[in-house]
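Visitor: Sequence and computational prediction follow.
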Amino acid sequence: MDVKHSDLLDSEAISRAEALGLHARFVVEGYMSGEHKSPYRGFAVEFAQHREYTHGDDTRHVDWKVEARTDRLFVKQYEQETNYVANVLLDGSESMMYASGSHTKLQYGKMIAAVLSFIILHQRDAVALGIFDEDMKDYAPRSDSKASLNDIMSRLAAFKGSEETDIGSTLHNMAVQTPRRGIFVIISDFFDEEEVVMEGIQHLRFIGHEVIVFHTLDPYELEFPFNGLVEFDGLENIPRILTRPAEIRQTYQREFDAFQSRIKEGCEKNGVHYVLVDTSEPLAQIMSNYLSFRMRTSKGKQQ
Amino acid sequence: MSFLNAIMLAGIAAVSVPIIIHLLNRRKFKTVTWAAMKFVKLSVDQNQRRMRIEDLILLLIRCALVALLALALARPASKDTVSDALGQTKVTAFVILDNSYSMDLQGRDGKNTFEEARSAAQETLKALPSGSAVGVLLASDIVQGVIDEPTYDLNQAEQAIKDANVGHHATDLYPAVEYAVKALKPLQTAQPKEVYVITDGQASGWRQNSEIQQLIVDNKGSINFYVLRVGEDDFQANLAVTKMDISSGLTPINHPLRFEVEIANHGVNERQDVTIDLFVNDEESPRDQVNIPSVVAGGTVTVPLFTRLEKEGYYAIRAAFKDPEQADPLAADNKNHLVVRAVKELRVLLVDGDQKGSDVRDHESFFLQVALSPVADHYVQVDVKAPEELTQTGLERYTTVIMTNVPRFQESDIDLIKNYLRSGGGLIFYPGDKVDREYYNEELFSKHGILPSPWGVAVGDAGQDEQYVEFQKRAFEHPVTSPWNNPEFGSLGVARTFRWHPLEEKVDGESKLKESGLPRVVLRYEKKALGVQEEGELGGPAIMERNWGKGKVYQFSSTADTDWCDLPIRGASVVPLIYRIIGSIQANQDSGLNLKVGQPFRKTLAVHQSSAEGFVFDPGLSRTNNLTAQTINGEPVLQFEDTHRAGFYSFQLKGAAATVQRFAVQPNQRESDLRKVADGDLPAGADVIRWKSNSNFKDMVQKKRVGAELWLWVLGIVLLLAGLETFLAQKFSQSK
């Protein structure tokens, strides 16, 4: 199914997201001034401390008053409000192709990615987009230019999905390739080896990235509402299974809930925001709920 | 275990249906492309074994449901089950109650056999499982279907048995058994069919034993036959008044009338000192009485009894044992009845075709004239006419017209004769040398069907007296000649016939004219070739008769004078013979006075009486039956059919001047022989039960039946399984 750019931008979601803003929970490193506190002292407006001038420092930051008093060159260091880099990683594996309604999980994930990219770029932060399955299939390097939004949308719309998934190795690779701390937004159903997935997340956290998980699931996957005799044709090379789903619903739900809980607990344990995305729910509601939550927790941290 | 509807067992093959449905259902599924396969696989792995077991349980229950349903429809029954709790197999049955008059016997223990049979019939009804259907037949030599189609209303059947009466018919059980089989056979019911014959086991009732046996064989497996024997096992001696006849044939007033009364001893011992009385009308004192010193076992004695009748009219004559109570306990045959019509005079016309001689003794009719009216003032008045005078003579006033050697008739004479016969007249034809045999055969036999037989080419030589034939000397079958079975009545065999026209006993293409009755042989010749004696065999007919219209026609094979035979001068033979013939003609005019049991009484009325009514009083049942005229063969007739009891009945036409007319109904004398049939001689395949009032008849019959039906129980199990299946299907389909 071809996806147009406009399909990916839920205007209602975007307006709510802009209103609420996206506040970093932690101070992240940024190279543009903005609303996010940089963990590095640099060149922001709020003075933090002096250090001795070294070669290569911008002479604009030399504190000439101190030089007049001490005859030594010191540069001012500031605790600076800075922009951050949001790495949006979208799972493009075959399992994301499932849809009980009008949208596949992948389409829903694309919308999440698009909305987040739009909001972040409008906050003058930088966005990098990666779409992966068993490895990174498409990657848009970080950019804080609003003009790059078009490129992101084009990439999202053009992606068709693939067969296998390997979230863990993708996250490890990203952790290695992105040493500077930022935000990682992972949009996936996490139908993969849970331990490997969690190891990947832990790797990102270990480096200092904030990680936000959008656990994207179809309502049918949550409820398993099938009746009669049904043959389930696996999307990811699992042989077909013929069964009466009504008779195994409780077992399925128990197992699925356990899976979901394990993901959620694993996230919480690693300080990762876990957002359950039910693709039957309006995207705007999910985004506003999360951003509202994020703003509250961010303020709490600042106070 | 047996099955009443075994064909339904084929339905067990339908157990494949749930299996097929199961397999088909497994092919009927929807396919869902699914992502979270891992969890489905996990769930299936955890539940697969349970689901397979549940599937197997449901499949087995469904197969069992189908199999048991087929089993229930096959209506299993078990003989092993003695309890009524399972419900006995419903049956469709016929109860055949022997109501011949031997059933009226008072047993030595004082019990009436028919009462016992009635109790047995009622016990039979009680022994039928509830919901059974039953028909009730009264069996004698006729079948009275009091409930001729099986009814589920057993109360109605019980009432019919209560209302049943003994008739005075003989027994022949075959027609009733045949009726029951014909009624049961086409019934499309899986219910067992049963026929109960309740009888005293009189041997004569089973004379069609082989036919009954064939019916049982033909319906083996589908109809069960039971014979319930009631009454005493051995037979009692029975003395019976088996026959009464007026030997003179004619019943003139104020002349001594001789009644021949036959007594039969059906016992094994000689009976001595038997007194028989003759009663007229309702008189209490007998008119005549005869004491018979001895009647040997198995033998018969015929005795004459005399009386005079004083005035014209109908008389009820009754011959009875002086002390019937002591004679034997079967009252029905201890008396015999006869109704006669006494007349003042009889007129006979002799048409003489050969009066050419000057001596009247040479006339053809001379000897008949002398025989009929020996004296001037005799009650038989004879007129003699030439054939040419026939047209001018009114025939209606003559009881009988005798044609002697009349060559042929004019066309107008034929019409006259036919009208005479239609009004009930009697005609006697004698041949002779003047008779145009071809004309008689063509016109009177073939064309008009008046003669009983064509006259064959005359045989014998009248001119010699060495070669002749004689009349039969025994085995007389026709009522006119039957008295000669008694040697004391005289013998016809002494008369010699030298020349005669052979008569044909069976004529192909018998007259199809509706007014012509069947020809019957009255008297035969002994069978012997001319001059060669062959004792012991009967020959061709000497005299034949047939009914024509309401009249009667007799045909002799030899002459009325002595030209061809010497009968006319054998006074002891010719007089009673001709009198009995004329008497039979008169009785034919009074037909309906003496009937056999079951034979309907008919009173033909004048045309203007088409709306007349009458009534018959049945003294045996003290019942008055109203009759309404119905049209039979274009004539208004009052008909009374319920003549099943012997005795005198009174008929009266409703109206101011109506007189009472009596008629007699005779029992069938065959029934007087009370010998019993041995159990071993009863049809094989029928269960013979000696019925005793205190016997546990119900158990006996039930044990012989298929047993208790189990279908209700099987159906109960089916319902339980259906409920279990529903419950389990719901339970199993719940999410786990």
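Guide: That came through fine.

Visitor: per-residue confidence for residue 8?
Guide: Assuming you mean chain A. Listed pLDDT for residue A:8 reads 55.

Visitor: nope, chain B
Guide: At residue B:8, the pLDDT recorded in the model is 82.

Visitor: pretty sure it contacts residue B:69?
Guide: No - the criterion here is CB atoms under 8 Å, and residue B:8 misses it with residue B:69 at 9.3 Å. Backbone N, C-alpha and C define where each C-beta goes, glycine included.

Visitor: So those two - more neighbours on which side?
Guide: residue B:69 (21 against 18; other CB atoms under 10 Å in any protein chain shown).

Visitor: In contact with that one, which residues?
Guide: B:11, B:715, B:718 (CB atoms under 8 Å, 6 or more residues apart in numbering or on different chains).

Visitor: got those as TSV, with neighbour count and secondary structure columns?
Guide: Listed next are the contacts of residue B:69 as TSV, based on neighbours: other CB atoms under 10 Å in any protein chain shown; DSSP: H, G, I helix; E, B strand; the rest coil:
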residue	neighbour count	secondary structure
B:11	17	helix
B:715	15	helix
B:718	20	helix
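
Visitor: now, among those, which is nearest to chain A?
Guide: The shortest gap between chain A and any of those belongs to residue B:718, at 26.3 Å (CB to the nearest CB).

Visitor: Identify the residue nearest the closest one in space, chain neighbours excluded?
Guide: residue B:68 (4.8 Å; CB to CB, 6 or more residues apart in numbering or on different chains).

Visitor: Now that neighbour. Its backbone dihedrals?
Guide: phi -70, psi -30 (degrees, to the nearest 10).

Visitor: Now the residue of the stretch 351-500 of chain B found nearest chain A: which helix or strand?
Guide: Nearest to chain A in the stretch 351-500 of chain B, going by CB to the nearest CB, is residue B:449, at a distance of 90.0 Å. Using DSSP states H and E, residue B:449 sits within no helix or strand.

Visitor: cool, residue B:347 as well?
Guide: When elements are assigned from DSSP H and E, residue B:347 belongs to strand B:346-352.

Visitor: Flag every residue of the stretch 151-300 of chain A that's near chain B.
Guide: Proximity of the stretch 151-300 of chain A to chain B, by CB under 8 Å from any CB of the partner chain, involves residues A:189, A:191, A:218, A:221, A:226, A:228-236, A:238, A:240-252, A:255-256, A:259.

Visitor: Spit out the contact partners of the nearest residue to residue B:673 once chain neighbours are set aside.
Guide: Among residues not flanking residue B:673 along the chain, residue B:266 sits closest, at 4.7 Å (CB to CB, 6+ apart). Residues near residue B:266 by CB under 8 Å, 6+ apart: B:237-240, B:298, B:672-675.

Visitor: what's the distance between residue A:150 and chain B?
Guide: Distance, residue A:150 to chain B, using CB to the nearest CB, to the nearest Å: 31 Å.

Visitor: what about that residue, how many neighbours?
Guide: By other CB under 10 Å, neighbour count at residue A:150 equals 11.

Visitor: tell me which element it is part of?
Guide: Using DSSP H and E, residue A:150 falls in helix A:148-158.

Visitor: Tell me the gap between the helix or strand just after that helix and the middle of its chain.
Guide: Per DSSP H and E, the first helix or strand lying C-terminal to helix A:148-158 is helix A:167-177. The chain centre lies 14 Å from the centre of helix A:167-177; the measure is CA atoms, centre = their mean, to the nearest Å.

Visitor: Can I get helix A:167-177 as CSV, trimmed to CA atoms?
Guide: C-alpha atoms of helix A:167-177 as CSV (Å, rounded to 0.1, in the frame of the first residue of the first chain):
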residue,chain,number,x,y,z
ILE,A,167,15.7,-5.5,17.3
GLY,A,168,18.5,-6.4,19.7
SER,A,169,21.3,-6.2,17.2
THR,A,170,19.9,-3.1,15.7
LEU,A,171,19.8,-1.3,19.0
HIS,A,172,23.4,-2.5,19.8
ASN,A,173,24.5,-1.1,16.5
MET,A,174,22.8,2.2,17.1
ALA,A,175,24.3,2.4,20.6
VAL,A,176,27.7,1.9,19.1
GLN,A,177,27.1,4.4,16.3
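
Visitor: any idea of the mean pLDDT for that helix?
Guide: The pLDDT scores in helix A:167-177 average 84.

Visitor: what residues does chain B put near chain A?
Guide: Checking chain B against chain A by CB under 8 Å from any CB, the hits are B:25-26, B:28-44, B:46-47, B:51, B:732-736.

Visitor: Quick one, which of those are buried?
Guide: B:34-44, B:46-47, B:51, B:732, B:735-736 (16 or more other CB atoms under 10 Å in any protein chain shown).

Visitor: Enumerate every residue touching residue A:130.
Guide: Counted by CB under 8 Å, 6+ apart, residue A:130 has contacts A:87-90, A:136, A:138-140, A:170, A:174.

Visitor: Kindly write the ChimeraX command that selects the buried subset of those residues.
Guide: If you want just the buried ones from the contacts of residue A:130 in ChimeraX, going by 16+ other CB under 10 Å, the selection is:
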select /A:87,88,89,90,136,140,170,174
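
Visitor: Nearest to residue B:478, out of the contacts of residue A:130: which one, please.
Guide: Comparing those against residue B:478 with CB to CB picks out residue A:90 as the nearest, at 127.5 Å.

Visitor: beta partners for the closest one?
Guide: residue A:131, residue A:187 (DSSP bridges).

Visitor: Contact partners for residue A:274?
Guide: A:213, A:215, A:263-264, A:267-268.

Visitor: Try it again at 10 Å.
Guide: If you count contacts by CB atoms under 10 Å, 6 or more residues apart in numbering or on different chains, residue A:274 has them with A:211-215, A:260, A:263-268.
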